[in-house]
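Engineer: Structure, please.
(2 chains)
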Amino acid sequence: MATRAETYPVRSDVQSDELLLPAFTLWWREVVRFYRQRARVVGVIASPVLFWLVIGSGFGRSFSSGGGTSQHYLDYFYPGALIMIVLFTSIFTMMSVIEDRKEGFLLSVLVAPVPRSAIVLGKVLGGTTLATIQGLIFLVFAPFVGIHLGLMVFVMAAIIVFLVSFALTALGFAIAWPMDSTQAFHAIINLFLIPLWLLSGALFPLSSASSWLRMLMEINPLTYGVEALRSALYPANPGEFSLIASIATLILFSLVMFGIAFLMVNRRTTKPAA
Amino acid sequence: MRDIVHRYGERAALNGVSFEVRPAELFGLLGPNGSGKTTLFRILSTLMVPVAGRALILGHNAAEDPSQLRREIGVVFQAQSIDLKLTAAENLMHQGHLYGLRGAALKKRIAEILARVGLADRAKEKAETFSGGMQRRLELAKGLLHGPKVLLLDEPTTGLDPGARRDLWQYLRILRDEERVTVLVTTHLMEEAERCDRLVILNEGRVVALGTPTELKREIGGDVIVLETKDPERLAGKIRTQFRTDTNVVEGQVRIEREHGHRFVTDLVEAFPGEIDAVSIAKPSLEDVFIRRTGHRFWTESEESTAKETLRLRSGQTPGHEGKH
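Structural biologist: Presented below is the predicted three-dimensional model:
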């Protein structure tokens, strides 16, 4: 079949109402849908908690974070587990992109007079909201690992969790958009996203890694999420990078991911759209 | 409202399809699977850009001016587009927001449209508790919410029982008559096509017939006689010489179109005793129109038919893949 890819210029004169109302309604649907599926809510919280408790207790004190003070592994692993919740929620909510495509839902959005940017914005913010909420819920365990959760610490953590959620959701969106099966999506997650998390300093610190591994970890944007969160939660135990540098990296990461998602969606072709 | 003009150029799945739809008419797009219906539908609904040619709906070019066009058409897909986890009203609320409707006006419109499709009492229930027919009606409500002047439906009755099917067509007629909505329906069902004001018949990306169902059937003089026999070619030849009438062999059956069919049948049976195993005689149907225009039955496998097509048409185009997922 003859196909010809055509890229249409992105319209810049969209009025804010035209963009925000559809984005809002897509966001709203994403959130409502999630909380109407109890199993998803439970699964996304329970599995990292289990992971955290089992792995964290297993290592116990046999672990040294490299810093002078010996930290229990449960404490060290805590920010990593939180990021894991965020990762799972972000990525899995974007599986809905594939489901929407398989059903006719996405079609009905595509034929509506909605700028494509509203679709990305609504969907990504929906996933971001869910991931942020799930991540912050995990903060109830903070006192058990000796974190004094003051207002400043909480606000800082919320900002970091939001940025990580946003970047990962946008990444999930960009991966899910061209796919037509959830199986393929799972394959990508196992191949690509789990290693991304493993090498983010969630499980072991950069300082204990061999030099090539350390290099991989340094170019992994998720590392900065974990590091930033760790610095925010344990001000006494500063990480490898300064909090500001980490947050700046996260913002950059978010913008790049959102840009990619945005470009993916704006392709209009002679191929079937869904 | 202005007349709607659709023009298409070449495409593997659609090979120069052109037709016009008049305002406030119930227009059918009839064709077997793989005939290009779905491709055409995707182009009309702005989901796909045609390789060549253009689709003009209400003066908007579907390829170049999609955002303006999207505002004025309503689309109901074959696949389910409602969110089962949301209630009927929530589904419509969501749809309304996508079309820039909001607040009290939207609420009023939702109540109105739900009453229209007979779901007013189920507004607060989740769509997953609905029957197939009710879900389809909700789909229809979704397509109609913003008051489009043109409604496009892709095989809207798929998976519905006969009662629900009848209801849906009833709604479409009401829409046409009371709100002067132009309705374009794709279907592969003959009996549905019969209910359209006018229709095109598509086969392998080409328009093979265009007109009202009655007009199309009138082309076939009188009745359609189908004979079953062991050696159709020989019998057809004999009939041709003896009665000087046109005969066709379609899939092992001899077909004759003739006025006063019942009298002719008696002549035939007397003339060829023992050679005819079964006889059927009927008023022409749209399927007969299709057979007459394409030389094969509606439901033939396309592979089989392409062989015949190659002889008929100058280009032996293989039927385009419809690209369904």
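
Engineer: What residues are bridge-paired with the residue in the stretch 151-300 of chain B that chain A sits nearest to?
Structural biologist: For the stretch 151-300 of chain B, the residue closest to chain A is B:Leu152, as judged by C-beta to the nearest C-beta, at 8.7 Å. Bear in mind the C-beta positions are built from the backbone N, C-alpha and C, glycine included. Taking DSSP bridges, one finds B:Val75, B:Leu184 as the beta-bridge partners of B:Leu152.

Engineer: how far away is the residue in the stretch 51-200 of chain A positioned nearest to chain B from B:Leu168?
Structural biologist: Proximity of the stretch 51-200 of chain A to chain B (C-beta to the nearest C-beta) peaks at A:Gly104, 3.4 Å away. Using C-beta to C-beta, to the nearest Å, one gets 17 Å for the distance from A:Gly104 to B:Leu168.

Engineer: got it, and B:Ile201?
Structural biologist: Here B:Ile201 is placed at a distance of 21 Å from B:Leu168 (C-beta to C-beta).

Engineer: A:Leu19 now?
Structural biologist: Per C-beta to C-beta, A:Leu19 is found 35 Å from B:Leu168.

Engineer: quick one, which of those two is more surrounded?
Structural biologist: Ranked by neighbour count (other C-beta atoms under 10 Å in any protein chain shown), A:Leu19 and B:Leu168 place B:Leu168 first, with 23 against 16.

Engineer: So for whichever strand or helix holds the more buried one, what gets flagged as buried?
Structural biologist: Counting by DSSP states H and E, the element that carries B:Leu168 is helix B:162-179. Residues of helix B:162-179 classed as buried: B:164-165, B:167-169, B:171-172, B:175-176 (neighbour count, 16 or more other C-beta atoms under 10 Å in any protein chain shown).

Engineer: Could you dump these into CSV and include distance to B:Glu233 and pLDDT?
Structural biologist: Listed next are those as CSV, based on distance: C-beta to C-beta, whole Å; pLDDT from 0 to 100:
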residue, distance to B:Glu233, pLDDT
B:Ala164, 45, 82
B:Arg165, 40, 85
B:Asp167, 47, 84
B:Leu168, 44, 86
B:Trp169, 41, 88
B:Tyr171, 48, 86
B:Leu172, 44, 88
B:Leu175, 49, 87
B:Arg176, 46, 89
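
Engineer: So, low pLDDT: which residues of the stretch 1-150 of chain A?
Structural biologist: A:1-17, A:60-71 (pLDDT under 70).

Engineer: which residue ranges form the helices in it?
Structural biologist: Along the stretch 1-150 of chain A, counting by DSSP state H, counting those that start in this stretch, helices occupy A:16-35, A:38-59, A:73-93, A:95-102, A:105-110, A:116-137.

Engineer: Quick check: which of these has the most neighbours on average?
Structural biologist: Of all the helices of the stretch 1-150 of chain A, helix A:73-93 has the most neighbours on average by mean count of other C-beta atoms under 10 Å in any protein chain shown, namely a mean of 26.

Engineer: Show me what it is packed up against.
Structural biologist: Taking 3 or more C-beta pairs under 8 Å, 6 or more residues apart in numbering or on different chains; DSSP states H and E as contact, the helices and strands that helix A:73-93 lies on are helix A:38-59, helix A:116-137, helix A:151-176, helix A:194-197, helix A:221-233.
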